[in-house]
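1. Need a 3D model of the following:
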Amino acid sequence: MEPIEKGTQIEVTDALGRRFSKRALTGINRGGDFESVWACSEEEWSAAEAEGRDPEPELFPWPVRSIRILEIA
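-> As a prediction, this is how the structure comes out:
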């Protein structure tokens, strides 16, 4: 997989097969039973940019196996 960094546009797939566009907030975190990436919604990314703040991450990280890179930051 190509490197992921803050701002990388990604698509994640949940356990039901639904796909969502997100923005990565971290690179790949290694630990536990799987590698993961913290992300936020595109809406949160845009709001944070407009308000001059850091985006708030979602409640859980996404497993790398569920991520497809759309555009490198």
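2. Does residue 14 touch residue 22 like I think?
-> No. The pair residue 14 / residue 22 is not scored as a contact, 11.1 Å apart, by C-beta atoms under 8 Å. Every residue, glycine included, has its C-beta placed from N, CA and C.
3. which of the two has more neighbours?
-> residue 22 (23 against 10; other C-beta atoms under 10 Å).
4. Quick check: the more buried one is in a strand.
-> Yes. When DSSP: H, G, I helix; E, B strand; the rest coil is applied, residue 22 is found to be in a strand.
5. quick one: contacts for residue 22?
-> By C-beta atoms under 8 Å, 6 or more residues apart in numbering, residue 22 lies in contact with 9, 10, 11, 12, 39, 40, 41, 42, 58, 62.
6. Which residue, neighbours along the chain excluded, lies closest to it?
-> Setting aside the residues directly before and after it, residue 22 is nearest to residue 39 in space (C-beta to C-beta, 6 or more residues apart in numbering), at 4.0 Å.
7. can you list the weak-confidence ranges in this protein?
-> 1, 73 (pLDDT under 70).
8. What ranges does it have for its helices?
-> 42-51 (DSSP state H).
9. all strands of it, in order?
-> 9-13, 19-24, 29-31, 34-37, 39-41, 62-63, 67-71 (DSSP state E).
10. Can you pull the phi and psi angles for residue 16?
-> Reported as degrees, to the nearest 10, the phi and psi values for residue 16 are phi -90, psi 0.
11. how close does it get to residue 31?
-> According to C-beta to C-beta, to the nearest Å, residue 16 and residue 31 sit 25 Å apart.
12. Compare the two (neighbour count), which wins?
-> residue 31 (8 against 5).
13. Can you tell me how far that one is from residue 47?
-> 29 Å.
14. Many thanks, have a good one.
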